[in-house]
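> Pasted the sequence and its predicted model underneath.
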Amino acid sequence: MIHDTIAAIATPLGEGSIAVIRVSGQDAIPNVEQVFKSRTRLTEAATHTVHYGFIQDPESLEKVDEVLVTVMRAPRSFTMEDVVEIGCHGGLVSVKKVLDLLLSKGIRLAEPGEFTKRAFLNGRIDLSQAEAVIDLIRSKSDRAYKIAMKQAEGSLSQQIKQLRQQLVELMAHIEVNIDYPEHDVEEMTSAFIVDKSREAIAKIDELLKTAEQGKIIREGIVTAIVGRPNVGKSSLLNALAQENRAIVTDIPGTTRDVIEEYVTINGIPLKLLDTAGIRETSDVVEQIGVEKSRSALSDADLILLVLNAGEELNDDELQLLEQLKDRQVIVIVNKIDLPRKLDIGRLSSFLDEERIVMMSVQENRGMEELEKAISAIFFSGRLESNDATYVSNVRHIHLLKEAKASLREAMMAAEQFVPIDMIQIDVRNSWEQLGEIIGDSVGESLIDQIFSQFCLGK
Ligand code: GDP
Ligand code: ZN
């Protein structure tokens, strides 16, 4: 049981016409009442009701703000505690004043993530749902938002629970055999363990397969813009960024050797990399730059190769086209405003026509076709199925891999007729590792670490 009452501003700081202060805890209702001037008494208010009034300093009688106060009684609230939400009208200054007033009445300022932590500790949500709330707050695109939303609703938890249930059944089966060991039964049990482990491993593999896509959706499709100098790579990057700049751009670690921009095209988040010109060079310093852009090229999920319509294909470009044959690549023939020298027929021998986009970045032509081509690649594939469960959290991926490794141990041991009480340990490990994903067997410190990632007020 948690005893103290906490408060924080729940809406983003900054200018806004309304701000919400959230208060949660045993004394939330009487504490707020001390500073609330209204015809209704909050302590007598029914749950889920809204009350009009003023926040007033009880000593100086100064009216701080005109407010709407919502009362939600335990356990029907996000934290499962008594919750009061104060909708303030004023700007930042008066919101801050309201908060200060509350803090002077025995309410404590909430730590980042503390509301969600309470929801977790009070049994309202499990750990993977709590982490999904973090992802919701941070998600960079609609698509990532939807996946986080799904996870918050518990679709991953559901699948993990099913898997764990299967393992519990397996453990129970093994347990019976430990208690009543007979040779032929033991042989059958070994076969059973192999079967059940294989089944569970297949399920884990399915979840892990989605991890790669989950990562793409969360962090953006890594898109390298390549081509020889002066074809218009930087112009293209700027044009794309201007039209589609992603909402969130506070990603640390941007290197200056390769320029990065986050954009969202038709809901697909792209991490665009403008690389230095890729070509052979003898200059050592320049070689480092080229080395970097080559590795950007090999790491990319999608490659935009920019060519100049006003020049013929050169050897470097032909070599690059050959090299990129098996990759996801879109060729941009830029500068179509110039007299045409580039041989499109020759280009078509390297790739399908829908992968070739004619553009003039300078005259703002072809941008829509480019966006369509990008969407086509990623919506034709598996990324489209919105109702799949995507595993996108690094901690979850790690734990799934560990759980899988434990099951493989169990399976191999069973195949070699290792005594089954030894095998039981591996199955149990796997069950615990899966449990850590949903917070069933995690230590206090991990919980603190996870919740400290939240913003204040969540
Ligand atoms: P980068 O070296 O590949 O990054 O190329 P830049 O983006 O720096 O562009 C090189 C030059 O080409 C600049 O002077 C641009 O203004 C020009 N440029 C870019 N796009 C076009 C285009 O569509 N048509 C024409 N005529 N010039 C362009
Ligand atoms: Zn450039």
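Yep, it's here. Ligands and ions are numbered 1, 2, ... in the order given.
> Please spell out which residues along the longest strand along the chain are buried.
Ranked by residue count, the top strand of the chain under DSSP state E comes out as strand 63-72. For strand 63-72, burial by neighbour count (16 or more other C-beta atoms under 10 Å) applies to 64-65, 67, 69-72. Using the backbone N, CA and C atoms, a C-beta is placed for each residue, glycine as well.
> Out of those residues, which comes closest to ligand 1?
Closest approach between these and ligand 1, by C-beta to the nearest ligand atom: D65, at 51.4 Å.
> need the contact list for the closest one.
54-55, 88-90, 94-95, 97-98 (C-beta atoms under 8 Å, 6 or more residues apart in numbering).
> swap in Q34?
Residues counted as contacts of Q34 (C-beta under 8 Å, 6+ apart) are 58, 105.
> State the distance from it to H3.
Remark: distance between Q34 and H3 (C-beta to C-beta, to the nearest Å) = 18 Å.
> go on, E33?
19 Å.
> Spell out the residue ranges of the strands in this protein.
Under DSSP E, the chain gives strands at 6-9, 19-24, 36-37, 49-56, 63-72, 83-88, 108-109, 221-226, 259-265, 268-274, 302-308, 329-334, 356-358.
> gap between the one residue in the chain that gets nearest to ligand 2 and I225?
In the chain, the residue that lies nearest ligand 2 is S234 (3.2 Å; C-beta to the ion). Plainly put, S234 is 8 Å away from I225 if you go by C-beta to C-beta.
> do Q158 as well
Distance of Q158 to I225, computed by C-beta to C-beta: 40 Å.
> With neighbour numbers in mind, choose between these two.
The residue with more neighbours, out of Q158 and I225, is I225; 27 against 13, by other C-beta atoms under 10 Å.
> just checking, the more buried one touches L270?
No. The pair I225 / L270 is not scored as a contact, 10.3 Å apart, by C-beta atoms under 8 Å.
> which neighbours do the two share?
Shared contacts of I225 and L270 (C-beta under 8 Å, 6+ apart): none.
> N122: how many residues sit nearby?
For N122, using other C-beta under 10 Å, the count is 17.
> Give me the distance between the two termini of stretch 377-396.
One end of stretch 377-396 sits 28 Å from the other (C-alpha to C-alpha, to the nearest Å).
> State the mean pLDDT of it.
Mean pLDDT, taken over the full extent of stretch 377-396, equals 57.
> cool, stretch 353-372 as well?
Mean predicted confidence for stretch 353-372 is 93.
> what distance separates the start and the end of that stretch?
End to end - C-alpha to C-alpha - stretch 353-372 spans 13 Å.
> which parts of that stretch are buried?
Under the neighbour-count criterion of 16+ other C-beta under 10 Å, stretch 353-372 has 355-361, 366-367, 369-371 buried.
> thinking again about what came up before, neighbour-wise, which of E33 and H3 wins?
Comparing E33 with H3 by other C-beta under 10 Å, the one with more neighbours is E33, at 21 against 7.
> Nearest residue to that one in space, please, no chain neighbours.
Leaving out its chain neighbours, the residue that sits closest to E33 by C-beta to C-beta, 6 or more residues apart in numbering is L42, at 4.4 Å.
> hang on, that neighbour packs against V35?
No. The criterion here is C-beta under 8 Å, and L42 misses it with V35 at 10.4 Å.
> still on that earlier bit, which one of the buried residues of strand 63-72 sits closest to Q416?
For the buried residues of strand 63-72, the closest approach to Q416 (C-beta to C-beta) belongs to M72, at 57.6 Å.
> in stretch 33-52, what counts as buried?
Buried residues in stretch 33-52, counted by 16+ other C-beta under 10 Å: 33-36, 38, 40, 42, 45, 51.
> Ligand 1 next: which of these are close?
Restricting these to those within reach of ligand 1 (C-beta under 6 Å from any ligand atom) leaves nothing.
> E199: which of these is nearest?
A45 (52.8 Å).
> didn't the closest one look like it was pressed against G53?
No. Checked against C-beta under 8 Å, the pair A45 and G53 is beyond contact range at 11.2 Å.
> Next, the contact list for the nearest residue to L297 once chain neighbours are set aside, please.
Of all residues not flanking L297 in the chain, A224 sits nearest, at 5.3 Å (C-beta to C-beta, 6+ apart). Taking C-beta under 8 Å, 6+ apart, we find A224 in contact with 273, 275, 293, 296-297, 299-300, 302-304.
> okay, who's weakest in the residues you listed by pLDDT?
Minimum pLDDT across the contacts of A224 falls on S293, with 61.
> what bits of the stretch 1-150 of the chain have low per-residue confidence?
Scanning the stretch 1-150 of the chain for pLDDT under 70 picks out 1-2, 12-17, 90-92, 136-145, 147.
> Residues in contact with stretch 38-53: which ones?
Contacts for stretch 38-53 (C-beta under 8 Å, 6+ apart): 29-30, 32-33, 36-37, 54, 66-73, 76, 84.
> Can I get it in CSV, CA atoms only?
Only the C-alpha atoms of stretch 38-53 are listed here, as CSV (Å, rounded to 0.1, in the frame of the first residue of the first chain):
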residue,chain,number,x,y,z
SER,A,38,-17.0,25.9,-5.1
ARG,A,39,-20.6,25.2,-4.3
THR,A,40,-19.9,21.4,-4.2
ARG,A,41,-17.8,19.6,-1.6
LEU,A,42,-15.3,17.3,-3.3
THR,A,43,-15.2,15.0,-0.3
GLU,A,44,-18.9,14.3,-0.9
ALA,A,45,-18.7,14.2,-4.7
ALA,A,46,-19.5,11.0,-6.5
THR,A,47,-16.9,9.3,-8.6
HIS,A,48,-16.3,10.5,-12.2
THR,A,49,-18.0,13.9,-11.7
VAL,A,50,-16.8,17.3,-12.8
HIS,A,51,-17.0,20.4,-10.6
TYR,A,52,-16.7,24.1,-11.5
GLY,A,53,-14.9,26.5,-9.1
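> Do I have it right that M367 meets V357?
No. At 9.2 Å, M367 and V357 do not qualify as touching, with contact defined as C-beta under 8 Å.
> Residue numbers of the stretch 151-300 of the chain in contact with ligand 2?
Counting by C-beta under 5 Å from the ion, the stretch 151-300 of the chain comes close to ligand 2 at 233-234.
> So E44 versus ligand 1, what's the distance?
68 Å (C-beta to the nearest ligand atom, to the nearest Å).
> do Q362 as well
Q362 is 3 Å from ligand 1, where distance means C-beta to the nearest ligand atom.
> Now stretch 222-231: buried residues?
Under 16+ other C-beta under 10 Å, the buried positions of stretch 222-231 are 222-228, 231.
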